[in-house]
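Asker: have a look; sequence and predicted model below, questions after that.
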Amino acid sequence: MGVDLESLSEATSGAIGSLLSTTILYPLDTCKTKYQAEARDHGQQKYRNLTDVLWEAISTRQVLSLYQGLGTKNLQSFFSQFIYFYGYSYFKRLYLEKSGSRKIGTKVNLFIAAAAGACTAVITQPLDTASSRMQTSAFGKSKGLWETLTEGSYSGAFDGLGISLLLTSNPAIQYTVFDQLKLRLLKTNQNNTEKTAVTLSAFTAFVLGALSKSIATILTYPAIRCKVVIQAADSDDDEAKKAQRKSRKTLSAVIRAIWKKEGILGFFKGMHAQILKTVLSSAFLLMIKEKIAATSWVLILAIRRYLFLTRGKLKGA
């Protein structure tokens with residue numbers, strides 16, 4: 001089976017968009033992650049709000065440490081978005097071809113998005129775990145990627161995989177809402193103008209990306225908080241305490257701990273920071289993706305044509 005060029009174009013533009021948005025917003029992501037991870041500190045609140053994390057970095061002259069783990073995060077972000085967008089686009093095209101339908105309903109779209117997300121989670125989970133540990137390490141004390149992945153057991157690299165699979169519903173909701181709103185807007189534009197609208201404007205893509213991600217984040221936030229706590233780096237060097245904490249880093253144990261220390265509102269601690277970061281990140285991603293998708297498609301078609309002509313010349317020689 002040949003490579004699906006349209007899916008490849010979607011994957012390439014999505015991955016590049018993710019890479020750029022991750023880099024731009026990484027300091028905010030680090031502050032957000034360290035703030036969310038505090039549930040393991042026996043009720044002691046080191047950070048009262050998101051700005052406390054930023055002030056700690058400034059006061060200790062560790063501002064550059066806000067970028068600790070950026071390389072790993074970019075690697076994880078690029079591969080996860082490439083795999084996700086390729087799978088999402090490919091599965092949609094495959095469904096339309098096999099079913100003979102002209103469009104995909106909301107339920108099927110959700111299922112396809114979740115399937116693409118599950119494949120992505122399994123493949124990129126070690127990088128996701130490593131980036132979370134790097135971000136939640138003390139400023140200036142983050143370890144390298146290989147050292148982070150090998151410091152514990154093999155299964156430790158897949159900490160939070162169960163929740164990651166559960167959270168496939170997040171991008172599933174996000175991209176389904178985005179696609180449905182995008183189709184309606186493009187259909188309206190086509191009805192109101194003689195010229196067919198091919199892509200959204202940058203501002204419209206930004207607004208739709210923000211709206212769709214907000215909805216998805218609010219619905220799935222308790223699981224997001226639990227995942228961050230599970231993947232957070234240990235804050236001390238006492239091996240006995242590390243082993244004890246490791247035994248408590250299960251989903252059921254984390255749920256009990258958050259409920260006991262913070263109550264039901266604890267499951268939503270840091271949600272405003274999560275929405276701020278993920279909404280901006282997703283909006284930038286989709287905005288960039290929309291603007292470079294056409295360029296990626298033209299470039300891929302040009303490469304295919306070049307390879308086709310070259311193959312024809314070789315056969316004729």
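Answerer: Thanks, I have the structure now.
Asker: distance between stretch 87-105 and the chain's centre?
Answerer: Centroid displacement of stretch 87-105 relative to its chain, using CA atoms, centre = their mean, to the nearest Å, is 23 Å.
Asker: correction: stretch 28-36
Answerer: 15 Å.
Asker: now do stretch 116-128
Answerer: 10 Å.
Asker: let me see the mean pLDDT of it.
Answerer: Here stretch 116-128 scores 88 as its mean pLDDT.
Asker: flag every buried residue along it.
Answerer: Going by neighbour count (16 or more other CB atoms under 10 Å), the buried part of stretch 116-128 is 116-121, 124-128. Any C-beta I mention is one placed from the backbone N, CA and C, and that applies to glycine too.
Asker: out of these, what pair is the most spread apart?
Answerer: The distance between the two most remote of the buried residues of stretch 116-128 (CB to CB) is 19.0 Å, for 116 and 126.
Asker: any idea how far the residue lying closest to residue 87 once chain neighbours are set aside is from residue 250?
Answerer: In space, and not counting its chain neighbours, residue 87 is closest to residue 116: 3.6 Å by CB to CB, 6 or more residues apart in numbering. According to CB to CB, to the nearest Å, residue 116 stands 27 Å off from residue 250.
Asker: same deal with residue 230?
Answerer: In this view, residue 230 and residue 250 are 8 Å apart by CB to CB.
Asker: so for those two, which residue has more residues nearby?
Answerer: The neighbour comparison of residue 230 against residue 250 (other CB atoms under 10 Å) goes to residue 230, with 23 against 13.
Asker: what's the mean pLDDT across the helix or strand where residue 21 lies?
Answerer: In this assignment (DSSP states H and E), residue 21 forms part of helix 5-24. The pLDDT scores in helix 5-24 average 75.
Asker: ok now it, how far from the chain's centre?
Answerer: For helix 5-24, the separation from the chain centroid amounts to 12 Å (computed by CA atoms, centre = their mean).
Asker: stretch 91-106 too?
Answerer: 25 Å.
Asker: how about it: buried residues?
Answerer: 91-92, 104.
Asker: spatially central residue (nearest the centroid) of the chain, please.
Answerer: In the chain, the residue lying closest to the centroid (CA atoms, centre = their mean) is residue 77, at 6.3 Å.
Asker: if we can go back for a sec, closest one of the buried residues of stretch 91-106 to residue 299?
Answerer: Checking those against residue 299 with CB to CB, the nearest one is residue 92 at 21.8 Å.
Asker: mind listing what's buried along stretch 151-163?
Answerer: Within stretch 151-163, the residues that count as buried by 16+ other CB under 10 Å are 156-163.
Asker: beyond the helix or strand of the chain with the lowest mean pLDDT, next helix or strand please.
Answerer: When each helix and strand of the chain is scored by mean pLDDT, DSSP states H and E, helix 239-248 comes last, with a mean of 50. Once the chain leaves helix 239-248, the next helix or strand it forms, by DSSP H and E, is helix 251-262.
Asker: which helices and strands sit right next to that following helix?
Answerer: If contacts are counted by 3 or more CB pairs under 8 Å, 6 or more residues apart in numbering; DSSP states H and E, helix 251-262 sits against helix 202-231, helix 239-248.
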